[in-house]
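Enquirer: need coordinates for the following:
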Amino acid sequence: MIIYLDESYDWQGTYFLLGALFVRRDHDVFLASFNNIKKEERFAGADGSLRELKYKKIKYANHERAAIKAIQAFKAHQAYFRAVIVPQASFNLSYYGKTYEPEKIKRARAYKKFAEMLIEYNTPGLVGGVLFADHLTRCKESLDEGTNSSKL
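Expert: Residues are numbered from 1 along each chain as shown. Just a heads-up that it's a prediction; the model follows:
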C-alpha cells in the first residue's frame, strides 16, 4: 500500500486538516494516470515539472477537467481518503511538549501524532507500506537556534 499524506488549513484559520490518500494496489498505474491527466490539461511548470492540482483554487476549465478526471482515476483504483480535522481554537499545544520548548517543535509533534493515528487506524495489519509526505520544514528555525536534532 502507498499512502500520501498532506496537510491543509482553511482560509479563515479555523481548522487544521491532515489528509491521507491510501492506494491499495497498482501504485505505478495510479501515479501514471494522475501524471497523464496533468499533462493532458497543461499542468506543467516552465521547467516541465508537473504542478500540484489545488481543488480549492479551480478557476479555469482545464483545472475543472483535471479535477474531475483525477476523482474518476481515484475511484477507478479503489483508493480511499481519510482526514483528521482539528478545530484550532480548541487545540492545546501544551500536551505536545515542555513549556520551554518552541511552539514549532510542539506543532511538529502534534502533526506526527495525528499522522500516526490516521495511518494506524486506517491500515490495520499493514506490513510494508510506503509513506509519501511533504518535506517537514516547520522546525527548521528551532533547529538552527541550537536545538539538537538528534534528540527530536
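
Enquirer: what about the helix or strand harbouring residue 68, average pLDDT?
Expert: Assessed by DSSP states H and E, residue 68 sits inside helix 61-76. Per-residue pLDDT values across helix 61-76 average out to 88.

Enquirer: where does pLDDT dip in the protein?
Expert: By pLDDT under 70, the low-scoring segments of the chain are 11, 135-152.

Enquirer: coming back round to it: for the helix holding residue 68, what is the distance to the chain centroid?
Expert: 18 Å (C-alpha atoms, centre = their mean, to the nearest Å).

Enquirer: just the CA trace of it, in CSV.
Expert: What follows is helix 61-76, C-alpha atoms only, in CSV (Å, rounded to 0.1, in the frame of the first residue of the first chain):
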residue,chain,number,x,y,z
ALA,A,61,-11.9,25.0,-17.5
ASN,A,62,-8.7,22.9,-17.7
HIS,A,63,-8.4,22.9,-13.8
GLU,A,64,-12.0,21.7,-13.6
ARG,A,65,-11.5,18.9,-16.2
ALA,A,66,-8.3,17.8,-14.4
ALA,A,67,-10.1,17.7,-11.1
ILE,A,68,-13.0,15.6,-12.5
LYS,A,69,-10.6,13.2,-14.2
ALA,A,70,-8.5,12.9,-11.1
ILE,A,71,-11.5,12.0,-9.0
GLN,A,72,-12.5,9.4,-11.6
ALA,A,73,-9.0,7.9,-11.5
PHE,A,74,-9.1,7.8,-7.7
LYS,A,75,-12.4,5.9,-7.8
ALA,A,76,-11.1,3.5,-10.6
